[in-house]
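Undergrad: The following comprises the amino acid sequence and a computationally predicted model.
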Amino acid sequence: MADFETIPDSSPRRHSSSSADDRKKMKKKKEKTTTKMHDLHLDDEEAVASSSSHQRRRAALEVGGVASYRDDDTNDSASYDSQDNTDDDDDDDDEYGELTDRIPTLKQRSFFLCCRLWRPKERLRCSILLTLTFLVICTTVYYGKNNDPNGSKLRRAPPGAVGVGHAAYDTIESTFIEEYEARLTLYKHRSTGAEFLAFVPDTTRQGPNAAGGGGGYDPKPDKVFGIAFRTKPESSTGVPHILEHSVLCGSRKYPSRDPFAHLLKGSLQTFLNAFTYPDRTVYPVASRNKADFYNLMDVYLDAVFHPRAVEEEGWWVLRQEGWRYDVVGANDDGTLGDDDDLDESSRGEGGGGERDLADVNYALDSMINRAEFEYKGVVFSEMKGAYSDPEQLIERISQTLLFPDNSYRFDSGGDPAVIPTLSREEFVSFYKKYYHPTNSRLFVAGDESDVYHSLSAADRYMSPMGYNPDSRKDSAIVYQKRTFRKPVSERRPYAAAPGEGDSGFMFCITWLLNTQPTSSMMQLAWIVLDSLLLGKASSPLTKALEDSNLGESTIGGGLDDSLLQSTFSIGMKGLKKREDVNALEGLIMDTLHKLDSDGFSEDEIASTMNTVEFSLREGGGGLRGMEIFLGALSQWNYDQSPREAIIYEDALKMLKEEIDRTGSNLFQQMIRDTLISNYHRVALELYPSATLEEEQQQDQKIQISTAQSRMSDAEYQNIIDEGIKLKKLQAMEETPEVIASNPRLSINDIDSTPVEYPIHVEDNFAKSGIQLVTHEVESNGIAYVDFGLDVSMVPYDEIILLTSLVSLLNEAGTSDMNDADFRYVSSEEIAFLRKLLHVLTYDY
C-alpha cells in the first residue's frame, strides 16, 4: 500500500493536467534525482531500486487537481527537487503561484485516503498490514515484560512528575511529598533490577524540611548517599557484621588498608559509617561539599562491589576484622621468641631428603611443644563486649527465642562462641550471594545534579555485574507465625561482677505483634499506644513498674518496628530476689488487664497524639536525608513501598478520625488482641552468676585446644606464619602510590562563601523593653520559641543555686497549677518544653 503525504511548502507544486513542456521538465527532474542518488554513494542495487520506486510512487492524490509525491528512500522528496533543479526555478515559481490556492485541506486528503483504502485490493493489503502490526505489538509487550529483571510491569512517572530521568533506569514512581517538601522518585536499574530512591528537597520553599534538617532553614543541606543489601543470616557466625567491617578495608580502586582513616582526615564528611541490622547491612555517607560527596560515594561503591577482602590479596582482612588464632604471649611482630627459634632449628633443612632423627622426635612431641592459642579479631572482641552487657544479652536471647522458625533466630552481629567457626569459604560465599546489585537498594538526597551523578556512578559499577534473581530471592525474609500454645519462659545466667552475689536479677517480656504487613494507620496507632503505655513517667505501665520498687529501672524499650515483624518489650533490671521476678510478671499483666478494662482518658490520648504528631513533623533532629533513607528501609527492605514507610499525613488523619469515632476502644482492643491474648511471647529472666565468665573462658580454651589437636604440623605452622605476616602488614607503611589513590579535596573544591541566615531584630517589642529576634521559616506548623532571662543580678556566691532552681522549674508546678496539671498543659499545648541554664561571664 502506498504512503502519502503533502510536499513541504518549500517544494514546488505541480499541476496534474500539465502540458508537454511540463512533462519534459518533470522527466528531466527525475533523471537529475536519479543521478543525485548515485552521488550519495548508494549501492548499485539500492540505486536501481530507488530509481524504479521513484517512478512507482507518483502520487495518485488528485483531489482539487493537485498531485503530491513522496520519496520513501529519502527523508524529504522535496529536498532533491530544491537542490537539483536550479535551472527550472523560475518556471516552477510561476507554476507555484498558480497552485497555492488549490492545496487540498486535511479533511479532503483524509476522505480521499479512506476512499482508496476501501477498494478491494487496498482493503486486503490494509488488513494484512494491521494484522502484522498487531502481532508485532503483542510480541514486543510480551518480551518486554519477560525481559524485565524482576518479571513485573514498571509504572512510569505520573503526569507532571519532574523526577530526574536517566537512560539506564526506568522510573517506577515519582511523587511530591508534602510532609517533607520534597520530590521522591523510585528508579529501577534496567540491567540489574537494583532499586534507587532519590529525595530532592524543594529548596525554593526554604523550609527546614526542604533544607534537610528540622528546626531551622539550612541553605547548604547535607547531601546523603547510601546503599543497603538485604543480608539474611544463616548462622550466628556474624558474617554480615564481619563483611560490614571488611569491605571497608580497601578496594580495587582505593587499595588503602584503611580508607576510613584517610577519609576522616581529608574529607568534609558530616556522616561516615556503616550498620549491621538483623536482616540488612547499610552503608550511608553524607557531606555538604559536592566534590567531597562525590568522592565519598565513589569510595563506598567501589568498596561494596570490588572489595579486596574477598580476593586472594585480601587474605588478611578476615583474620584482622573477623577472628583468628593468635599466639598467647607472642612478640609484637608475631614471632614466638627464642623457643620458637630452637624449634625451627630442630626441624632440619628438609631439602627433599629423608627426615633425620630430630625431625621424627619433633613430630612425636609436636603437641607438647606447640604454643598456646587465643582468639583475636575486631568483631570477635566487639561482640564479646556486647554479650557481657546483660541488657544487650537479654534482648538478643529474647529475639532468638521469639523467632524459632525464621532467620531472626540467628545473631547477625555474631555470637562469640560461634564466630570462630566461620571459614573463609563461607565468608566469600556469603558476599557473592548477597552483595549483588540485584539485591541492593540505593539512596541519594540532594539536588537534581546530585541525583543524576549518583545514578550514573552507580550504573558504571552495577551494569557489568548483570542480573542475578537468586540474590534477591534467597535473601527474602519469611514471616514467623504465632506458633506458641503458651508463653515461653526461660532462665539464663549472665556474668556478674565478683561479690554481686544473688542480687541483680533482670526480667523482660517480649511479644511478637504482627504476622503479616500492617497498615500505615495501625503502625501509627502502635506508636501512639507505645507512647501511652511508656512515653512519660506518668504513663500507666511505666508508673506501675517504677512505683512498685521491685527493680531499679525499666528495660525493654517498648515498640521495635524496624524489622519485618514488630515486637513489644517491657521489663526491669536490678530485681533483688528471685521472688520479685514472678511478682513483676504478674504486675505487668495485671496492669495490661486494667488498661483493657478502664482504657485511657481523652486528655491522655489528646496529649499523646500531640506529642507523636510533633515528633513526626519535626523528625529525629539529625540529617533529614539519613532519616528518610533509614526510615524507608523499614518497609523497602521487604519489597514494600519506601514511600509508604515515610509519609504520615494520611495515616495521621485516619487515626484521628478513628479515635474520634471509637475513643479509647481502639487502644483497648490492641492491648487485648496483641498483648493479653497473644501467647506468642517470651518471658525471660537473667540471673547473676559470679562463675559464668570463668566457665566461658574454660569452654573457649577447650574449643581452641580441640581445634589445635586436629591440626597437622603444616596447618599449625601456617597459622604461625600468617600471624607474623599479618603483624608485618599492619606495621608496614603504605606506599606513596596507595596513599595517592585516596580521594582528596583541593582548595578550589571548598566554597568560602559564608552562610547567611535571614533574621529580623526588633527592639522594644510591643513596648515591653524586650528585644525580639525572629527567623521565619516553613517548619511544618511548629513554632520554636526561646526565652532568655538575665540573671546578672544574682550574687556570684549564689550562682551555684541556679542549677537546682532550673531542675525545680522542670518538675514543680506554678502558683495556679500543681505539678501534674502543669505537665498535662505543657504536653497538651507545647510538644517540648525544656529549661536550661547557661551562665556566661564577661570581662569588663
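TA: Yep, it's here.
Undergrad: which residues in the stretch 451-600 of the chain form helices?
TA: Taking DSSP state H, counting those that start in this stretch as the criterion, the stretch 451-600 of the chain carries its helices at 469-474, 520-534, 540-548, 578-598.
Undergrad: The longest one - what's its average pLDDT?
TA: This points to helix 578-598. Averaged across helix 578-598, pLDDT comes to 96.
Undergrad: do stretch 435-449 as well
TA: So the average pLDDT for stretch 435-449 ends up being 97.
Undergrad: Distance from that stretch to the middle of the chain?
TA: The chain centroid and the centroid of stretch 435-449 are separated by 7 Å under C-alpha atoms, centre = their mean, to the nearest Å.
Undergrad: pretty sure Gln516 is touching Tyr479, no?
TA: Yes - counting by C-beta atoms under 8 Å, Tyr479 is a contact partner of Gln516 at 6.5 Å. Any C-beta I mention is one placed from the backbone N, CA and C, and that applies to glycine too.
Undergrad: Looking at the two, which has the bigger crowd around it?
TA: Tyr479 (16 against 7; other C-beta atoms under 10 Å).
Undergrad: follow-up on the earlier one: redo the helices of the stretch 451-600 of the chain as TSV? Include distance to Asp292 and mean neighbour count.
TA: Output for those, formatted as TSV (distance: least, C-beta to C-beta, whole Å; neighbours: other C-beta atoms under 10 Å):
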stretch	distance to Asp292	mean neighbour count
helix 469-474	31	16
helix 520-534	36	21
helix 540-548	44	17
helix 578-598	50	16
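Undergrad: Of those, which is nearest Ile659?
TA: For those, proximity to Ile659 was assessed by C-beta to C-beta; helix 520-534 is nearest, at 8.6 Å.
Undergrad: Can you list the neighbours in contact with the closest one?
TA: Residues outside helix 520-534 that contact it (C-beta atoms under 8 Å, 6 or more residues apart in numbering): 513, 518, 539-542, 554, 558-559, 561, 566, 568, 570, 595, 600, 604-605, 608-609, 611-612, 644, 647-648, 650-652, 654-655, 658, 666-667, 670-671.
Undergrad: try 7 Å this time
TA: 539-542, 558-559, 561, 566, 570, 600, 604, 608-609, 611-612, 644, 648, 650-652, 654-655, 666-667, 670 (C-beta atoms under 7 Å, 6 or more residues apart in numbering).
Undergrad: ok, now stretch 573-592?
TA: With C-beta under 7 Å, 6+ apart, stretch 573-592 has contacts from 391, 503-507, 509, 540-541, 544-545, 548, 550-553, 555, 570, 572, 671, 675-676, 683, 685.
Undergrad: Just the buried ones from these?
TA: Buried residues within the contacts of stretch 573-592, counting neighbours by 16 or more other C-beta atoms under 10 Å: 504-507, 509, 540-541, 544-545, 550-551, 555, 570, 572, 671, 675, 683, 685.
Undergrad: now, which of those residues lie within strands?
TA: 505-507, 509, 555, 570, 572, 683, 685 (DSSP state E).
Undergrad: what's the closest of these to Val299?
TA: Out of those, the member with the shortest distance to Val299 (by C-beta to C-beta) is Ile555, at 38.7 Å.
Undergrad: right, and the closest one touches Cys508 too?
TA: Yes - applying C-beta atoms under 7 Å, one finds Ile555 in contact with Cys508, separated by 6.0 Å.
Undergrad: which neighbours do these two share?
TA: Common contacts of Ile555 and Cys508, defined by C-beta under 7 Å, 6+ apart, comprise Gly571.
Undergrad: Identify the residues contacting the residue nearest to Gln269 when sequence neighbours are not counted.
TA: Spatial nearest neighbour of Gln269, excluding adjacent residues (C-beta to C-beta, 6 or more residues apart in numbering): Ser287 at 4.9 Å. By C-beta under 7 Å, 6+ apart, the contact list for Ser287 reads 222-223, 267-270, 293, 296.
Undergrad: Nearest to Gly165 among these?
TA: Of all the contacts of Ser287, Lys223 has the smallest distance to Gly165: 19.9 Å, by C-beta to C-beta.
Undergrad: Surely the closest one and Pro284 touch.
TA: No - under the criterion of C-beta under 7 Å, Lys223 makes no contact with Pro284, lying 11.3 Å away.
Undergrad: okay, the two: which has more neighbours?
TA: The residue with more neighbours, out of Lys223 and Pro284, is Lys223; 26 against 22, by other C-beta under 10 Å.
Undergrad: Quick one: the strands in the stretch 651-800 of the chain, in order.
TA: Assignment of strands within the stretch 651-800 of the chain using DSSP state E, counting those that start in this stretch yields the ranges 681-689, 760-765, 770-774.
Undergrad: Let me know the helix or strand that Phe271 is in.
TA: Element membership for Phe271 (DSSP states H and E) is strand 269-272.
Undergrad: tell me the average confidence for that strand?
TA: On average, strand 269-272 scores 94.
Undergrad: and for that strand, what are the contacting residues?
TA: Residues contacting strand 269-272 (C-beta under 7 Å, 6+ apart): 222, 263-264, 284-288, 292, 296, 623, 626.
Undergrad: Tell me how many other residues crowd the nearest residue to Leu512 once chain neighbours are set aside.
TA: Distances taken as C-beta to C-beta, 6+ apart place His680 nearest to Leu512, at 4.6 Å, with adjacent residues excluded. When neighbours are defined as other C-beta under 10 Å, His680 has 21 of them.
Undergrad: For Asp590, see how far away His680 is.
TA: Look at His680 and Asp590: by C-beta to C-beta, to the nearest Å, they are 20 Å apart.
Undergrad: now Tyr461
TA: The spacing between Tyr461 and Asp590, counted by C-beta to C-beta, is 57 Å.
Undergrad: same question, Val328
TA: Val328 is 53 Å from Asp590, by C-beta to C-beta.
Undergrad: pLDDT weak spots in the stretch 101-250 of the chain?
TA: Applying pLDDT under 70 to the stretch 101-250 of the chain picks out residues 101-163, 204-219.
Undergrad: With the stretch 251-400 of the chain instead?
TA: 333-334, 336-368.
Undergrad: Going along the chain, name the helices of it.
TA: With DSSP H, counting those that start in this stretch as the criterion, the stretch 251-400 of the chain has helices spanning 259-266, 290-305, 315-317, 338-345, 357-364, 366-369, 378-387, 390-402.
Undergrad: Can you lay out those as CSV showing distance to Asp819?
TA: Conversion of the helices of the stretch 251-400 of the chain to CSV gives the following (distance: least, C-beta to C-beta, whole Å):
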stretch, distance to Asp819
helix 259-266, 47
helix 290-305, 49
helix 315-317, 57
helix 338-345, 71
helix 357-364, 80
helix 366-369, 72
helix 378-387, 39
helix 390-402, 31
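Undergrad: So which of those helices is the most surrounded?
TA: helix 290-305 (a mean of 22; mean count of other C-beta atoms under 10 Å).
Undergrad: now that helix against helix 259-266, angle please.
TA: For helix 290-305 against helix 259-266, the angle by axes from the mean of the first three to the mean of the last three C-alpha atoms, to 10 degrees is 170 degrees.
Undergrad: Any chance you could list what contacts helix 290-305?
TA: Against helix 290-305 from outside (C-beta under 7 Å, 6+ apart): 223, 225, 227, 247-248, 251-254, 259, 263, 267-269, 283, 285, 287, 435, 453-454, 457-458, 461, 743, 745, 749.
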